[in-house]
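*Asks:* Give me a 3D structure for the following:
(one chain, ligands or ions: 1)
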Amino acid sequence: MTTVSWVEGSEGSGFGIENLPYGMFSRRGELPRVGVAIGHHVLDMAGLSAAGLIDDRRCFASGSLNAFMAAGPATWQATRSRLIELLGDDWHRPSVEPHLVPLAEAELLRPFEVADYADFYSSEHHASNVGRMFRPNSDPLLPNWKRLPVAYHGRAGTVYPTGTPIVRPAGQRRPPGGHEPSYGPSLRLDFEAEVGFVVGVPSPAGRGVPTSAFRDHVFGFVLVNDWSARDVQSFESQPLGPFLSKSFATSISPWVVPVAALEPARVLPPVQEPEPLPYLRCDEPWGLDLHLEVLINGQVASRPPFSSMYWTSPQQLAHATVNGAPLRTGDLFASGTVSGPEREQRGCLLELTWNGRDPLDLGDGTKRTFLEDGDTVTIRAKAPGAAGSVISLGEVTGTVLPTPI
Ligand code: CA
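*Replies:* From the prediction side, this is the model:
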């Protein structure tokens, strides 16, 4: 594999030739098109195909990444190989360089059309902390937790691209210790740092997708912020799961990092005891050594390690389809809040402040229990890539706006 691109500034940027993530972008006055991040540029895939430099199959000028995601692993791999050739070999520079757009000139859009969206709950540390807070006199984990990856179905229509302002939701809130709910803006707005994967190739109804078929269906990974109104959530989620406390907004990062780029980041996941049922067993290690960082107003608030997740992505996909539910192109599955064993590795304010009991010192003279209007939350992540490189998953960011009166 070529390890250096002729694109200046790409090596060491996290968006080198080992990464090549896909997204959607537009330039002023132009229709959206598929792009690939390389260094501080976007490679215009529609322009590249119009120039006959890459096999198109009518994917790249379709106005959506979904057509390419549906094309399947053979096409993904062939395109990736061709991109490595075009961006790695100086000989191609004169013909390819005109299709590089500086990031500063590109508006990054939601990278794909979300079909369905489900959110798991796969960090043992997160689930245990939540259990300790809300069920202090019983086992922190409920009996099903180590038997299957627990999840809820979210709302695809409110999955937003990075940078979308987050309007503070209103709803029926019940403060801790309070008895009567009241209606008003959430007083306990939170983020959840997560990693999601998106399906490219559909699966037929009635047939589950085994863990071994993960690469046949999944196109790549994004960062996810599952914004959460804790005071709404704690009242509405009994006995069913979260509804309005989550459905107002979920933010995703602009670049879909291909599964192939993250192969070098695969690590052994935590030991699973009891051993899961056969349909949840995995022949390959599918922990991912992603290093997340959460910033509030530019101050590092947490560094959650994704490698600590108990349930892996192929297990989540196998579980989501084991009842015969079909996959569609654009289905998004998020991991659940990523929390490590240490306090500074917790992936949401609920845990970082222990439900508001211990305010978090942001290091700039300010403290937070939950998010305030005007706060900006940014989640970013890096992973080890091929040949000693670093793969960036980019970042997902959002600023909280007040509830309209
Ligand atoms: Ca979540």
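*Asks:* For whichever residue of the stretch 101-250 of the chain sits closest to the ion, list the residues it contacts.
*Replies:* The stretch 101-250 of the chain approaches the ion most closely through residue 226 (3.6 Å), counting by C-beta to the ion. To be clear about C-beta, it is placed using only N, CA and C from the backbone, and glycine gets the same treatment. By C-beta atoms under 8 Å, 6 or more residues apart in numbering, residue 226 lies in contact with 119, 154, 191, 192, 194, 246, 250, 334, 337.
*Asks:* if I pick the third one, what's in contact with it?
*Replies:* With contact taken as C-beta under 8 Å, 6+ apart, residue 191 is in contact with 225, 226, 227, 228, 294, 348, 349, 371, 377, 379.
*Asks:* possible to save those residues as JSON lines with secondary structure, distance to residue 129 and pLDDT?
*Replies:* Output for the contacts of residue 191, formatted as JSON lines (DSSP: H, G, I helix; E, B strand; the rest coil; distance: C-beta to C-beta, whole Å; pLDDT from 0 to 100):
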{"residue": "225", "secondary structure": "strand", "distance to residue 129": "19", "pLDDT": "99"}
{"residue": "226", "secondary structure": "coil", "distance to residue 129": "16", "pLDDT": "98"}
{"residue": "227", "secondary structure": "coil", "distance to residue 129": "19", "pLDDT": "98"}
{"residue": "228", "secondary structure": "strand", "distance to residue 129": "14", "pLDDT": "98"}
{"residue": "294", "secondary structure": "strand", "distance to residue 129": "15", "pLDDT": "98"}
{"residue": "348", "secondary structure": "coil", "distance to residue 129": "9", "pLDDT": "98"}
{"residue": "349", "secondary structure": "helix", "distance to residue 129": "12", "pLDDT": "98"}
{"residue": "371", "secondary structure": "coil", "distance to residue 129": "19", "pLDDT": "98"}
{"residue": "377", "secondary structure": "strand", "distance to residue 129": "19", "pLDDT": "99"}
{"residue": "379", "secondary structure": "strand", "distance to residue 129": "18", "pLDDT": "99"}
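*Asks:* got a winner among these for most neighbours?
*Replies:* Neighbour counts for these peak at residue 379, which has 30 neighbours (criterion: other C-beta atoms under 10 Å).
*Asks:* From residue 251, how far out is it?
*Replies:* 8 Å (C-beta to C-beta, to the nearest Å).
*Asks:* residue ranges for the helices of this structure, please.
*Replies:* 45-50, 66-70, 73-88, 93-96, 124-134, 214-217, 230-236, 244-247, 313-321, 349-352 (DSSP state H).
*Asks:* tell me which residues in the first one are buried?
*Replies:* What that stands for is helix 45-50. For helix 45-50, a neighbour-count test (16 or more other C-beta atoms under 10 Å) marks 45, 46, 47, 48, 49 as buried.
*Asks:* and it, what does it pack onto?
*Replies:* Secondary-structure packing of helix 45-50 (3 or more C-beta pairs under 8 Å, 6 or more residues apart in numbering; DSSP states H and E): strand 33-38.
*Asks:* Go ahead and name everything in contact with the strand it packs on.
*Replies:* With C-beta under 8 Å, 6+ apart as the criterion, strand 33-38 contacts 5, 7, 10, 15-17, 19-26, 42-47, 59-63, 65, 68, 83, 87, 100-101, 103, 106, 255, 394.
*Asks:* Filter these down to just the buried residues.
*Replies:* The buried subset of these - by 16+ other C-beta under 10 Å - is 5, 7, 10, 15-17, 19-26, 42-47, 59-62, 65, 68, 83, 87, 100-101, 103, 106, 255, 394.
*Asks:* shared neighbours of residue 379 and residue 251, which are they?
*Replies:* 224, 225, 396, 397.
*Asks:* So what sits opposite the second one in the bridge?
*Replies:* Using DSSP bridges, the bridge partners assigned to residue 225 are residue 193, residue 251.
*Asks:* ditto for the third one
*Replies:* With DSSP bridges applied, residue 396 shows beta-bridge pairing to residue 379.
*Asks:* What count of nearby residues applies to it?
*Replies:* 28.
*Asks:* Also the one 4 residues further on?
*Replies:* By the other C-beta under 10 Å criterion, the neighbourhood of residue 400 contains 20 residues.
*Asks:* you'd agree it is up against residue 349?
*Replies:* No: the criterion here is C-beta atoms under 8 Å, and residue 400 misses it with residue 349 at 12.0 Å.
*Asks:* between the two, what contacts are shared?
*Replies:* residue 371.
*Asks:* out of everything not next to it in sequence, what's closest to residue 380?
*Replies:* residue 395 (3.8 Å; C-beta to C-beta, 6 or more residues apart in numbering).
*Asks:* picking that back up, can you tell me which of the shared contacts of residue 379 and residue 251 is nearest residue 283?
*Replies:* residue 224 (26.8 Å; C-beta to C-beta).
*Asks:* that older thread, identify whichever of the helices of the chain lies nearest to residue 384.
*Replies:* helix 313-321 (17.0 Å).
*Asks:* by contact count, what packs against that closest one?
*Replies:* Partner elements for helix 313-321 (3+ C-beta pairs under 8 Å, 6+ apart): strand 151-153, strand 193-199, helix 214-217, strand 218-225, strand 332-334.
*Asks:* and it, does that touch the ion?
*Replies:* No: contact between helix 313-321 and the ion is absent, the nearest approach being 12.8 Å (criterion: C-beta under 5 Å from the ion).
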